[in-house]
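Colleague: mind folding the following:
(one chain, ligands or ions: 1)
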Amino acid sequence: MTRSVDELREEMVSIARRMHQHGLVAATDGNISYRLDDGGFLVTRSGLCLGEATVGDVVRLNSACRVLEGGKPTSELALHMTVYRIRDDVQSVVHAHPTYANALTFAGVSMDELVIPEVVLTLGRIPTTDYGTPACPEGAEVVAPHIVDHDAVLLQRHGSVTVGASATEAYLKLEKVEHAAHILYLARTLGGPTPMNTEELSRLAAVGKRLGINLPPPLRGLKSVL
Ligand SMILES: [Zn+2]
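Modeller: As a prediction, the model looks like this:
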């Protein structure tokens with residue numbers, strides 16, 4: 001079932017407000033986009049406080065990123081376009097500045113280790129990019145090598161990028177990343193988390209297959225031990 005552009009706009013507004021309410025962005029940070037069936041895009045406008053978003057704050061672009069309706073698109077448009085260029089399967093991109101996940105990148109702590117089973121099962125590893133200046137082409141390109149086979153990526157000294165078949169799906173991955181970052185932060189203060197071993201990962205992969213989950217790369221190749 002194809003959803004109308006108005007329905008997608010309303011979903012983006014709802015997700016924008018949730019991002020602000022949950023403290024995943026502050027002030028005018030963060031942005032959301034959708035890829036449309038006609039090859040065009042919807043993106044949140046530049047300078048928008050996501051907590052106050054309305055449908056009038058969603059800009060419609062054609063496939064060449066020319067504005068068809070609305071104001072000036074987000075300054076992070078290139079970041080979103082880098083993801084769409086690389087991932088044919090992605091319909092929506094969410095960029096945020098989650099506090100704990102960001103704190104880990106500022107401290108040079110990676111979320112790349114396989115520690116939390118439910119996160120490993122759905123997101124696999126969560127890599128951190130090299131540093132690239134925000135709102136610049138270089139800041140957008142740093143995501144390219146990682147977004148190829150990851151649905152959640154941390155931008156060093158900046159924030160997060162999560163993707164999905166809908167804005168809701170991309171948003172839920174953002175929530176999961178931030179929750180995991182909070183847990184990892186606390187675990188480190190208590191002595192440090194330990195990564196899952198191969199047997200634990202193999203059992204997890206078997207459960208994932210049974211549940212019909214599209215397993216992320218670190219689990220995909222593992223032999224089932226159940
Ligand atoms: Zn940002």
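Colleague: what does the longest helix seen in the chain rub up against?
Modeller: Longest helix of the chain, by residue count under DSSP state H: helix 167-189. The contact list for helix 167-189 (CB atoms under 8 Å, 6 or more residues apart in numbering) reads 8, 11-12, 15, 18-19, 22, 24, 32, 34, 92-94, 96, 98-101, 103-104, 109, 111, 115-116, 119, 122-123, 126, 151-152, 154, 160, 162-164, 193. Just so you know, the C-beta spots here come from the backbone N, C-alpha and C atoms, and that holds for glycine as well.
Colleague: following element in sequence after that helix, please.
Modeller: helix 198-210 (DSSP states H and E).
Colleague: could I get that following helix in PDB with only the CA atoms?
Modeller: Below are the C-alpha coordinates for helix 198-210, written out as PDB (Å, rounded to 0.1, in the frame of the first residue of the first chain):
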ATOM      1  CA  THR A 198      31.200 -17.000  19.600                       C
ATOM      2  CA  GLU A 199      28.900 -19.600  21.100                       C
ATOM      3  CA  GLU A 200      26.600 -17.000  22.500                       C
ATOM      4  CA  LEU A 201      26.500 -15.200  19.200                       C
ATOM      5  CA  SER A 202      25.700 -18.500  17.400                       C
ATOM      6  CA  ARG A 203      22.800 -19.200  19.700                       C
ATOM      7  CA  LEU A 204      21.500 -15.700  19.200                       C
ATOM      8  CA  ALA A 205      21.800 -16.100  15.400                       C
ATOM      9  CA  ALA A 206      19.700 -19.300  15.600                       C
ATOM     10  CA  VAL A 207      17.000 -17.500  17.600                       C
ATOM     11  CA  GLY A 208      17.000 -14.700  15.000                       C
ATOM     12  CA  LYS A 209      16.500 -17.200  12.200                       C
ATOM     13  CA  ARG A 210      13.700 -18.800  14.000                       C
END
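Colleague: what is the mean pLDDT for the very next helix or strand once past that helix?
Modeller: The C-terminal neighbour of helix 198-210 among helices and strands, as given by DSSP H and E, is helix 217-220. Averaging pLDDT along helix 217-220 gives 88.
Colleague: before we move on, what about stretch 205-212?
Modeller: Stretch 205-212 comes out at a mean pLDDT of 93.
Colleague: so what's the gap between the longest helix of the chain and the chain middle?
Modeller: Distance, stretch centre to chain centre, for helix 167-189: 11 Å (CA atoms, centre = their mean, to the nearest Å).
Colleague: if I look at the most centrally placed residue in the chain, how far off is Ala181?
Modeller: Centroid-nearest residue in the chain: Thr162, 0.9 Å away (criterion: CA atoms, centre = their mean). Distance of Thr162 to Ala181, given as CB to CB, to the nearest Å: 13 Å.
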